[in-house]
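Peer 1: Provide a 3D model corresponding to the input given below.
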Amino acid sequence: MSRERLTTSLKSLRRLAVTKQHLAGKLIPRPTPSAILSVIRDLAYVQWDPISIVAPSHLISLWCRLGDFRPSDLDRLLWKEKKLFQHWTPVASIVLTEDYPLYYSLMSRYPQSLSSSWETPRAQAKRFLAEHSELRKKVLNELRKGPLQLSGFKDTPRRKWSGGQWTFGTDVSLMLFHLLMSGKVMVVGHRGNQNVWGLSEPFLPRWVDRTELSDEAFEREAAQRAIRALGAATPSEIHYYFVRGRYQNLRATLQRLQDESTIHRVTVAGLSTRDERYIHDRDVPLLESMGSAAWRPRMSLLPPFDNLICSTPRTSRLFGFDYVREQFLPQEKRKYGTYVLPILWGERLIGRIDPRLDRARGELLVNAVHAEPDAPRDREVASQVGETITRFATFLGASKVTYTSRVPGAWKRSLR
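Peer 2: Have a look, this model is predicted:
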């Protein structure tokens, strides 16, 4: 495989993506807080989502990469040790505090740090902040007295906001978002599913690096982090994955990195020649090893907002898997269920399950299991599907798994 013109198979590209996402090989027997940090470091972020029909998406994302980790370790890293914090990337995400310079450089220039592809939100943010300077002062003054939930803000207007692309309930919630994006406030805890807001300076540890990166330095670092997390990626995939909506000159940044041989173009057999992909120089040997017997597949259940499938066009193009987050659809338009988890086997997405956790009864109810048309039908794979669902139930604290009759015929013996 020449570094000047790399070529690879779609199968090897998928394996690289899965490996870089910590979804291949053996699970760690006893995951430590350091293992949590290592996974998030390699992924760049894990999307935060509190919906708990089964479990919050971020907990499932970490479980399928770490096994039976302790959620209390994650809480300690977030709220006590503060080695992680919650930020928008621009989705609510768990990110590393050691990466604070990346975000600080964007915060200090917000909203101008939004890219031209986000021209409308950038203009809306400027207008909102200019028109609500008094509200900004009131929100910050209230937080100087101590952290608050949204409902705790007293002498502030509560008009609903209905303008543009920012879909927040009130002027107060939208102001908190803009103050978070500019680094003035942070999420400093949770009560139930509700954020607790506080001022950034009192919350952040003293050791936090507040170096302000230039636009060029930010783009160099962020683009490399995205490429390494994805395995190989197109410019649009880099832009979407990390940090979305923040690249001002991505094409020029990629060209400089390529000229330095930090990244390389890779052509993938079976994909369009216009599907221009980049791989990091450090990962070329790993790509070359993807066809060897050393590669070890694993069975995983992915949550709706998992990093591997966050981009539906990429998921369809690379894995041939069409995934819709049906929890946002009306009941009558749902094809597979309410909170659907794709089944990853090795480098293939072979099916999906529709589970619901009955906490009172300690039971994981699997409403349906669907196999993709080309999914393996052998007993070994079927058994691993069943074993993985059982492991998942144990992690959730359920002592029982109950299936309905809606399971693939070839897998029926293992799913009952």
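Peer 1: for Gly189, what are phi and psi?
Peer 2: phi 170, psi -180 (degrees, to the nearest 10).
Peer 1: that one: what's it in contact with?
Peer 2: Neighbouring residues of Gly189 by Cβ atoms under 8 Å, 6 or more residues apart in numbering: 79, 147, 195-196, 198. Bear in mind the C-beta positions are built from the backbone N, C-alpha and C, glycine included.
Peer 1: recalculate using a threshold of 7 Å.
Peer 2: Residues near Gly189 by Cβ atoms under 7 Å, 6 or more residues apart in numbering: 79, 147, 196.
Peer 1: pull out the buried members of those.
Peer 2: For the contacts of Gly189, a burial check counting by 16 or more other Cβ atoms under 10 Å picks out 79, 147, 196.
Peer 1: so which of those residues comes closest to Val95?
Peer 2: Proximity of the buried ones among the contacts of Gly189 to Val95 was ranked by Cβ to Cβ; the top entry is Trp79 with 14.4 Å.
Peer 1: not counting sequence-adjacent ones, nearest residue to that closest one?
Peer 2: Excluding its sequence neighbours, the residue lying closest to Trp79 (Cβ to Cβ, 6 or more residues apart in numbering) is Gly189, at 5.5 Å.
Peer 1: that neighbour pairs with what?
Peer 2: Taking DSSP bridges as the rule, Gly189 bridges to Val196.
Peer 1: state the distance from it to Lys82.
Peer 2: Applying Cβ to Cβ, to the nearest Å, the value for Gly189 to Lys82 is 11 Å.
Peer 1: check Lys11 too.
Peer 2: Relative to Lys82, and taking Cβ to Cβ, Lys11 is found at 41 Å.
Peer 1: repeat for His132
Peer 2: His132 is 30 Å from Lys82, where distance means Cβ to Cβ.
Peer 1: where does the prediction get shaky in the chain?
Peer 2: Residues of the chain meeting the criterion pLDDT under 70: 1-4, 155-168.
Peer 1: how about a cut-off of 50?
Peer 2: Counting by pLDDT under 50, the chain contains low-confidence residues at 1-2, 161-166.
Peer 1: longest strand in it, please.
Peer 2: Identified as the longest strand of the chain according to DSSP state E is strand 348-358.
Peer 1: tell me how far it lies from the chain's centre.
Peer 2: 18 Å (Cα atoms, centre = their mean, to the nearest Å).
Peer 1: parallel or antiparallel, list what pairs with it.
Peer 2: Paired strands of strand 348-358, defined by DSSP bridges, are strand 341-345 (antiparallel), strand 363-371 (antiparallel).
Peer 1: report the backbone C-alpha coordinates of the shortest one in PDB.
Peer 2: The one in question is strand 341-345. What follows is the C-alpha trace of strand 341-345 in PDB, where atoms were taken according to Å, rounded to 0.1, in the frame of the first residue of the first chain:
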ATOM      1  CA  LEU A 341     -30.700   0.000  18.800                       C
ATOM      2  CA  PRO A 342     -28.700  -1.200  15.800                       C
ATOM      3  CA  ILE A 343     -26.900  -4.500  16.100                       C
ATOM      4  CA  LEU A 344     -23.200  -4.300  15.100                       C
ATOM      5  CA  TRP A 345     -21.400  -7.600  14.400                       C
END
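Peer 1: hmm, who's touching stretch 319-338?
Peer 2: With Cβ under 7 Å, 6+ apart as the test, stretch 319-338 has contacts from 14, 53, 304, 309, 312, 315-316, 339-340, 342, 349, 352, 354, 367-368, 370.
Peer 1: closest one to Gly291 out of those, please.
Peer 2: The closest of these, once distances to Gly291 are taken by Cβ to Cβ, is Arg14, at 11.7 Å.
Peer 1: quickly find the element holding that closest one.
Peer 2: Assigned by DSSP states H and E, Arg14 belongs to helix 10-20.
Peer 1: does anything pack onto that helix? Which helices or strands?
Peer 2: helix 215-230, strand 263-269, helix 284-288, helix 312-319 (3 or more Cβ pairs under 7 Å, 6 or more residues apart in numbering; DSSP states H and E).
Peer 1: that one: what's the following helix or strand?
Peer 2: Past helix 10-20, the next helix or strand by DSSP H and E is helix 33-43.
Peer 1: name the helices or strands packed onto that following helix?
Peer 2: On a contact count with 3+ Cβ pairs under 7 Å, 6+ apart, helix 33-43 meets helix 57-66, helix 71-75, strand 92-96.
Peer 1: if we can go back for a sec, of the contacts of stretch 319-338, buried ones?
Peer 2: The neighbour count (16+ other Cβ under 10 Å) marks 14, 304, 309, 315, 339-340, 342, 349, 352, 354, 367-368, 370 as buried among the contacts of stretch 319-338.
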